[in-house]
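what follows is a predicted protein model with its sequence.
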There are 2 protein chains.
Amino acid sequence: MLDAMDSAADAKRVTLAQVAQRAGVSVMTASYTYNRPSRVSEQSRAKVLAAAAALGYAGPDPSARSLRRGSTRTLGVVMGEHLSYAFEDPQAASFLAGIADVCAESGYGMTILPITGADDDVSRIQSAAVDGFIVWTTSDDDPVLGAVRAVRRPAVVHGGPEVAGLGLVSIDNRAAARAVGTAAFAGAGRPAVVSFPLSRDRISTITRGPDIAGATFPVTRQRLEGYRQAAEDIGIPWSDVVVAVCAHNDAAEAEQATAALLSGTHAPDAIAAMSDEQAAGAIRAARAAGRTVPSDVAVTGWDDAAVATQLGLTTVAQSLREQGAACAHAALGHEPVPPAAAWSVVTRASTRS
Amino acid sequence: MLDAMDSAADAKRVTLAQVAQRAGVSVMTASYTYNRPSRVSEQSRAKVLAAAAALGYAGPDPSARSLRRGSTRTLGVVMGEHLSYAFEDPQAASFLAGIADVCAESGYGMTILPITGADDDVSRIQSAAVDGFIVWTTSDDDPVLGAVRAVRRPAVVHGGPEVAGLGLVSIDNRAAARAVGTAAFAGAGRPAVVSFPLSRDRISTITRGPDIAGATFPVTRQRLEGYRQAAEDIGIPWSDVVVAVCAHNDAAEAEQATAALLSGTHAPDAIAAMSDEQAAGAIRAARAAGRTVPSDVAVTGWDDAAVATQLGLTTVAQSLREQGAACAHAALGHEPVPPAAAWSVVTRASTRS
DNA sequence: CTGTTAGCGCGTTCAA
DNA sequence: TTGAACGCGCTAACAG
């Protein structure tokens, strides 16, 4: 009965062997028709394609092909535990676009691995049918990193942390922070920082000279180190620098934090943020508090996004898109991981210097 | 020699069989350790995990598992030929976030299939190792649609076109356009439209009463039909309605197009756009031309994005995130495709009524 | 240009 | 609770 139904009309699962049989050729000829068409005579090819059409065969099964070839032709991207974050953050979007560019031209797919922060993250990594991994910046203690390393496939981390056995694509955050911090703090007496979270608990605080070494997000840590250096360069000890740690990269939260800073007794006259979004929030708060930028308070951002141009923000320019592409090339084994990505400080009207 | 190297230190490709052998159990026991841990004695499980650790075995091979199970636990998303577009458009980002939500909670991966517009798009679809497809709105004649249908896996189209055999998740664009168009055109004598492209060639033009039926992007077509209806409702024939067709969904291009409309001899006093981005561009152009919104020219957007709140735009509210989730559920076979997604007109200060 | 052989690594079957 | 055999669907490596 089953055999009787197993005809073209039903065709739940048509195999290459069935196609070959119907076409009156060997399975290999059918396989070649799909994989090396030039190695098959015009005649055979036509017969195979006709049989495939008749049976409703849509091409070789991708899983079987992957198993046989030992390659999935797909790259895995791990974007951190905020699912939506990946798509809502414009910088992350540029990064993904860079990966997509390379995948498209290489004929690769791009699998976004949803990470939830729960224990099963590790098994999601293990069971991902991908040839290589790209990990968006995370904390030193993220278990995902161990899982990615354990599967022994090519893998690259963007931003940090640096993990033995995995590549790293990043700018020199410390140097860039020192440079843009120098612009932010020029002529200032009370420099402040609006920061990304220090660790995965994402606690918001306002403190002076927080412990930098204890921060487990390496990108945050390195930028704080750069800002500390910039403060010390103008003779301000880190313990005098007020740092508003925000839970998320978000204009609204940065605005609130900046408002708090400015209403305090030791209101800053210079603010180095960690993103243009945060800087935009800081500027809004400054204006709401009746301050003029940059004369009353200088502000710097990071990333040189569209909003930076609009607001005339001094900021760090880097190409997340190129970095995404570099990660993809490295994960594909096309190119070695480049030593360090390019960055520059773009000086605009939001700083004094 | 090869055997000598095939030890834990090298361990290029460790199989479950090797793990089982080293653990002194059968392959099945090892398999159960990973797939049905409860069916294996504590002892055996420990032995298997120890052997796995010793050999550097990272878990069952995903491709082999997919082949055997007949399921990849991955959903494919087809986002159209602009690779970066998917990530740069905030609406598309929300949509992807909705899909990601569902994939995360279902333990599924999410593969973005890079579409280039070239002939190999079809083969990319065919060779995608996914259990189902979600197709972002495209044109009636997009070859991707045929390819998706041909693979006979669950598939959903968002927005349109409606394809036999594929599900459709969309709002009623025609009804929504008529409703928001009515708000836009209230009290107007010279209504105009700023439109998405009509077809895949993405030609920009400014014409009166363009041929609606010839538009191959169904979403554009349906919205134009709604706008025509809204114009006719106030006694203006479609042939008198000026339509600026933009190549892309982009504030800058809409601004330029609106500037052209307003400088013409028959300057509009009401503009219905197809996105909030476009509406934002239209408002900028109107102000630059010395017009007041809405008294000189009313403007409406679409999507109720953040910019709509900022600008006080009358617009169509819909949740792309929920629609993304609905697509994912349908593609997973969890739920049937819902009949039609919810929408509403949000009236703000950019219209007269 | 075409066919034969031999698995890729795993998990479902059935038996013990 | 565990084991042995088999095949998921396909393609690399060889002949012919």
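Here it is on my side, so go on. Residues are numbered from 1 along each chain as shown, chains lettered A, B, ... in the order given.

list the residues that contact the residue nearest in space to the middle of chain A.
For chain A, the residue nearest the mean C-alpha position is residue A:136 (3.8 Å; CA atoms, centre = their mean). By CB atoms under 8 Å, 6 or more residues apart in numbering or on different chains, the residues touching residue A:136 are A:77, A:78, A:79, A:80, A:86, A:92, A:95, A:158, A:159. (C-beta placed from N, C-alpha, C; glycine too.)

just the ones in strands from the residues you listed, please.
A:77, A:78, A:158 (DSSP state E).

DNA strand C: which of the residues you listed is nearest?
DNA strand C lies nearest to residue A:78 out of the ones in strands among the contacts of residue A:136, by CB to the nearest atom of the strand, at 21.4 Å.

still on that earlier bit, just give me the closest of the ones in strands among the contacts of residue A:136 to chain B.
Proximity of those to chain B was ranked by CB to the nearest CB; the top entry is residue A:77 with 8.7 Å.

and the contacts of residue A:136 as JSON lines, adding neighbour count?
What follows is the contacts of residue A:136, written out as JSON lines (neighbours: other CB atoms under 10 Å in any protein chain shown):
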{"residue": "A:77", "neighbour count": "28"}
{"residue": "A:78", "neighbour count": "28"}
{"residue": "A:79", "neighbour count": "24"}
{"residue": "A:80", "neighbour count": "18"}
{"residue": "A:86", "neighbour count": "24"}
{"residue": "A:92", "neighbour count": "23"}
{"residue": "A:95", "neighbour count": "29"}
{"residue": "A:158", "neighbour count": "26"}
{"residue": "A:159", "neighbour count": "23"}
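
mind putting the residues you listed in JSON lines, pLDDT and distance to residue A:43 included?
JSON lines is the format used below for the contacts of residue A:136 (pLDDT from 0 to 100; distance: CB to CB, whole Å):
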{"residue": "A:77", "pLDDT": "97", "distance to residue A:43": "44"}
{"residue": "A:78", "pLDDT": "96", "distance to residue A:43": "48"}
{"residue": "A:79", "pLDDT": "91", "distance to residue A:43": "49"}
{"residue": "A:80", "pLDDT": "84", "distance to residue A:43": "54"}
{"residue": "A:86", "pLDDT": "75", "distance to residue A:43": "50"}
{"residue": "A:92", "pLDDT": "91", "distance to residue A:43": "52"}
{"residue": "A:95", "pLDDT": "94", "distance to residue A:43": "49"}
{"residue": "A:158", "pLDDT": "97", "distance to residue A:43": "51"}
{"residue": "A:159", "pLDDT": "96", "distance to residue A:43": "56"}
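
among the residues you listed, which are in reach of chain B?
Restricting the contacts of residue A:136 to those near chain B by CB under 8 Å from any CB of the partner chain leaves residue A:86.

tell me which of the contacts of residue A:136 is nearest to DNA strand D?
For these, the nearest to DNA strand D is residue A:77 (25.3 Å; CB to the nearest atom of the strand).

my read: that closest one touches residue A:109, true?
No: look at residue A:77 against residue A:109 with CB atoms under 8 Å: they stay out of range, at 10.7 Å.

look up how far chain B lies from whichever residue of chain A sits closest to DNA strand D.
Nearest to DNA strand D in chain A, going by CB to the nearest atom of the strand, is residue A:16, at a distance of 2.9 Å. Note on residue A:16: its distance to chain B, by CB to the nearest CB, to the nearest Å, is 13 Å.

also residue A:154?
Counting by CB to the nearest CB - residue A:154 and chain B are separated by 13 Å.

ok, now residue A:169?
From residue A:169 to chain B the distance is 18 Å (CB to the nearest CB).

what pairs with that residue across the strands?
residue A:158 (DSSP bridges).

quick one, what contacts it?
A:156, A:157, A:158, A:159, A:323, A:326, A:327, A:330, A:337, A:338, A:341.

name the nearest residue to residue A:199, sequence neighbours excluded.
Excluding the flanking residues, the one nearest residue A:199 by CB to CB, 6 or more residues apart in numbering or on different chains is residue A:216, at 4.3 Å.

show me what contacts the one you found?
If you count contacts by CB under 8 Å, 6+ apart, then residue A:216 has A:139, A:140, A:141, A:198, A:199, A:200 around it.

residue ranges with poor pLDDT in chain A?
A:1-12, A:83 (pLDDT under 70).

what residues go with each domain of it?
What automatic domain parsing lists as the domains of chain A is A:2-60, A:71-169, A:173-317.

hang on, residue A:33 in a helix?
Yes: when DSSP: H, G, I helix; E, B strand; the rest coil is applied, residue A:33 is found to be in a helix.

report how many residues lie close to residue A:239.
Using other CB atoms under 10 Å in any protein chain shown, the number of residues around residue A:239 comes to 10.

helix or strand for residue A:97, which one?
Using DSSP states H and E, the element containing residue A:97 is helix A:90-106.

tell me which of the contacts of residue A:169 fall in strands.
Among the contacts of residue A:169, the members found in strands (DSSP E) are A:156, A:157, A:158.

want to throw the residues you listed into JSON lines with distance to residue B:50?
Listed next are these as JSON lines, based on distance: CB to CB, whole Å:
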{"residue": "A:156", "distance to residue B:50": "31"}
{"residue": "A:157", "distance to residue B:50": "29"}
{"residue": "A:158", "distance to residue B:50": "34"}
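
can you tell me which of the residues you listed is nearest residue A:68?
Nearest to residue A:68, judged by CB to CB, of the ones in strands among the contacts of residue A:169 is residue A:156 at 26.8 Å.

just put the contacts of residue A:216 in a markdown table and tack on secondary structure, neighbour count and distance to residue A:260.
Rendered in a markdown table, the data for the contacts of residue A:216 read as follows (DSSP: H, G, I helix; E, B strand; the rest coil; neighbours: other CB atoms under 10 Å in any protein chain shown; distance: CB to CB, whole Å):
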| residue | secondary structure | neighbour count | distance to residue A:260 |
| --- | --- | --- | --- |
| A:139 | coil | 22 | 25 |
| A:140 | coil | 16 | 29 |
| A:141 | coil | 12 | 29 |
| A:198 | coil | 22 | 18 |
| A:199 | coil | 16 | 21 |
| A:200 | coil | 16 | 23 |
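
most widely separated two among those?
Across those, the longest distance by CB to CB is 12.1 Å; it joins A:141 and A:198.

give me the number of residues near the nearest residue to residue A:59 once chain neighbours are set aside?
Taking CB to CB, 6+ apart, and ignoring the residues beside it in sequence, residue A:59 has residue B:126 as its nearest neighbour in space, at 4.0 Å. Look at residue B:126: counted by other CB under 10 Å, it has 18 neighbours.

and for residue A:310?
Residues near residue A:310, counting by other CB under 10 Å: 10.

just checking, it is part of a helix?
Yes: if the criterion is three-state DSSP, then residue A:310 is within a helix.

quick one: the strands in the stretch 201-350 of chain A?
Using DSSP state E, counting those that start in this stretch, the strands found in the stretch 201-350 of chain A span residues A:205-208, A:242-245, A:270-272, A:298-300, A:315-317, A:344-346.

among those, which comes closest to residue A:168?
Closest among the strands of the stretch 201-350 of chain A, using CB to CB: strand A:315-317, at 18.2 Å.
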